[in-house]
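1. 3D, please:
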Amino acid sequence: MLYRGHQSTDGTDGGELTVPMAWLYAEYIADELLRTGDLMPPTSFEFRAGRDALALTVFLSDTDGELSGIRVVTQLETWLSLTAYDQPWQDWVRERLEQLAEETAASGHPAPDLELAEAAWRWLQETELLAPDLNAVPGGGAPAGEDEGPKVWTPAWQLGLPLGHLAIHLF
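-> Sure, this is the predicted structure:
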């Protein structure tokens with residue numbers, strides 16, 4: 001949902017600040033889902049990765065521009081399917097961002113929501129977090145503790161997406 005209230009109340013452009021309500025609302029939903037799941041501390045980079053991945057999913061899946069609080073529960077299944085392990089989520093994000101950018105350019109209106117979504121996507125792609133290497137099991141057994149075992153640098157979206165998916169399940 002791109003916030004289209006970019007004009008003053010009398011219908012003329014009053015030079016007022018355009019508030020990115022759609023993005024802020026998507027971020028709020030993502031934050032609440034992750035906090036409810038209590039999967040990790042809200043101050044961690046992993047939490048941010050999960051929040052940004054979920055916020056992108058919520059924001060970009062709202063194709064009608066009518067994301068509302070009453071529909072959140074009805075959207076959970078959609079968000080689960082988009083964030084599932086076997087789905088090309090990153091390709092879907094790229095395609096939706098390109099589509100929204102084209103629509104915004106054609107309309108000629110500012111798009112602060114889209115700018116924030118693009119910034120979140122850049123952070124998720126460019127930031128790498130140190131995470132357990134789930135493909136390597138030392139000595140054939142499971143590591144004894146959370147901080148033990150091999151680690152690998154992972155793009156933030158690859159860590160945040162399953163975290164967000166799990167948070168939706170726990171909700």
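
2. longest helix in this protein, by residue count?
-> helix 89-107 (DSSP state H).

3. may I see the buried residues of that one?
-> Residues of helix 89-107 classed as buried: 89-90, 93, 96-97, 100, 104 (neighbour count, 16 or more other CB atoms under 10 Å). C-beta: built from backbone N, CA, C; applies to glycine.

4. give me the below-cutoff pLDDT ranges for this protein.
-> Under the criterion pLDDT under 70, the flagged ranges of the chain are 1-16, 64-71, 134-148.

5. one more pass at 80, please.
-> Within the chain, the stretches with pLDDT under 80 are 1-18, 63-74, 109-110, 132-149.

6. the helices in it, which residues?
-> Using DSSP H, helices in the chain cover 21-37, 45-61, 72-83, 89-107, 112-126, 156-170.

7. now the ones you listed in a markdown table, with distance to residue 150?
-> What follows is the helices of the chain, written out as a markdown table (distance: least, CB to CB, whole Å):
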| stretch | distance to residue 150 |
| --- | --- |
| helix 21-37 | 26 |
| helix 45-61 | 18 |
| helix 72-83 | 26 |
| helix 89-107 | 24 |
| helix 112-126 | 23 |
| helix 156-170 | 15 |
